[in-house]
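**Q** Give me a 3D structure for the following:
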Amino acid sequence: MSKDHLKRALSPMNVWALAFGCVIGWSAFIMPGAVFLNSAGPLGTMAAIELAAFIMLIISYSYSYMIKKFPSSGGEFVYAGKAFGRANGFICAWFLSLSYLCVIPLNATALNLIMRTLYGDFFEFGFHYNVSGYDVYFGEILIACLALITFAFICTLGARITGILQTIMVFILIGGIVIVLGGVTFINVSGNGLHLKPMFNDNSGESIISQIIAVFVTAPMSFVGFDTVPQFSEESNFSNDRVKVIMDSSILCGCIVYIALTFLACSYVPENYSNWIEYINDLKNLDGVSAIPTLGVSYSVLGKAGLFFISASVLAAMFTGICGFYMATSRLLYAMSCERIIPKWFSSINNNNVPRNAVIFCMLVSMLSCLLGRSVLGTIFDMASVGGAIGFCYTCLAARKYAIEDNERGVKNWGTLGAVFSAFFVILLLVPVPGLNVSLNFNGYLYLGGGGAVQPGEN
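**A** Numbers count the residues shown, from 1 in each chain. From the prediction side, this is the model:
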């Protein structure tokens, strides 16, 4: 099937910003209090995140090899289809599109969390209902949908404009974190010191190894985003020899940000708590900025200025997540359409060389998803982590297959190792392991099974 080609308009910085912005979304600011510290403490989190980043660097080796071999939109879908046939290409694409697409409404609805934190119930107006314990209000749906519509429109203006905007937002994201972390560290060190001890969660009842694994297994969810780089291959105006550096630097910078935000979250303890463990364990009983440690610490130590800068970073992270995954998901759908996996409508290109219909589809699905509430979306996101790991695995196996044919021994070895680690992630997420609370819950299995019943079609 012939297709209208995308325009090469993205610089190396634009592609890096798209990848990094997908890696660091709203969850990077929430997970230190909600997952990391409670699971492993500051030192355990640092060890787990660094180990996870190292594994991602191994996996990225296969990606850089495959991008050079097949420099087209579609990424893992193309690699799996070329290496193992159409059926495997569809399976990979289905899981990957789910993994990418569900992040968009999650970032959009995260705006509601920030609004509730900063402004209380100000936006809780209009009709409302409860889904799985989460109250959904019309006012908050409206805010999320406005964000989705705005960034969908921006993404239809052309890859160059989107790439520039993404780059600006990434600098705001990083700048806010640097200012707040620097200020909090300086004031704490010159005052009563940092409150990092204990370095592990001594009250968890789990061994140090189990604590580290509990955070390590979040790698597919924490680092999904660097793998969006192949989706922009047709729109990148530079040599594919540079993609390895772009992917690796997005992983390493993501690793630094996760660790920095975790240490920020436990660097200060409110006066009525003796250590960060007591503070983290009591989050469910708190509201406002205190309920999100990264925001609470910023405000407690630096006042309104600290809250302003960290809030700017959070908003930028949400927007880069929406924008980056709009781009990545629409290019994946575009590639699937070009291969007649889904209807031709998805590969329609507008005057700005953008698959506009694919972007609109992502927007509409995301807007409908906002009606489900964050509890349901969170479960879908957990399930989508499986999709990211499956995409990793297919890419590494494809790289291994072609490396054997090309007599590239190094690539074959790295591909084999990457496939093993990817399969390990899939197993941990799907198979309950005693002592590790990291597998999908019942609803996650239910959604996964229901979606898996969908079959590929012809056009």
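
**Q** C-terminal to the helix of greatest length in the chain, what's the next element?
**A** Longest helix in the chain by number of residues (criterion: DSSP state H): helix 293-338. The element immediately downstream of helix 293-338 (helix or strand, assigned by DSSP states H and E) is helix 356-369.

**Q** Now find how far off-centre that following helix is within its chain.
**A** 18 Å (Cα atoms, centre = their mean, to the nearest Å).

**Q** Next: stretch 224-235.
**A** On Cα atoms, centre = their mean, the centre of stretch 224-235 falls 13 Å from that of its chain.

**Q** hang on, Tyr129 in a strand?
**A** Yes - under DSSP: H, G, I helix; E, B strand; the rest coil, Tyr129 sits within a strand.

**Q** Would you mind measuring from it to Tyr137?
**A** 9 Å (Cβ to Cβ, to the nearest Å). In short, each C-beta sits where N, CA and C put it, glycine included.

**Q** and those two? which has more neighbours close in?
**A** Tyr137 (18 against 11; other Cβ atoms under 10 Å).

**Q** now the end-to-end length of stretch 227-239.
**A** 17 Å (Cα to Cα, to the nearest Å).

**Q** If you count neighbours, what's buried in it?
**A** Asp227, Thr228, Val229, Pro230, Gln231, Phe232, Ser233, Glu234, Glu235, Ser236 (16 or more other Cβ atoms under 10 Å).

**Q** can you check stretch 141-158 too?
**A** Ile141, Ile143, Ala144, Cys145, Ala147, Leu148, Phe151, Ala152, Ile154, Cys155, Thr156, Gly158.

**Q** Contacts for it, please.
**A** With contact meaning Cβ atoms under 8 Å, 6 or more residues apart in numbering, stretch 141-158 is reached by 7, 9, 104-105, 108-109, 111-112, 115, 123, 126, 161-162, 165, 318-319, 322-323, 326-327, 330, 350, 352-354, 356, 359-360, 362-363, 366-367, 370-371.

**Q** need the strands for this structure, in chain order.
**A** 128-131, 134-137 (DSSP state E).

**Q** what's the average pLDDT for the first one?
**A** Read it as strand 128-131. Across strand 128-131, pLDDT averages out at 86.

**Q** and it, what does it pack onto?
**A** strand 134-137 (3 or more Cβ pairs under 8 Å, 6 or more residues apart in numbering; DSSP states H and E).

**Q** follow-up on the earlier one: mind putting the buried residues of stretch 227-239 into CSV with distance to Ala423 and pLDDT?
**A** Formatted as CSV, the buried residues of stretch 227-239 follow (distance: Cβ to Cβ, whole Å; pLDDT from 0 to 100):
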residue, distance to Ala423, pLDDT
Asp227, 16, 91
Thr228, 22, 93
Val229, 22, 94
Pro230, 20, 94
Gln231, 23, 94
Phe232, 27, 94
Ser233, 26, 91
Glu234, 30, 91
Glu235, 31, 93
Ser236, 30, 92
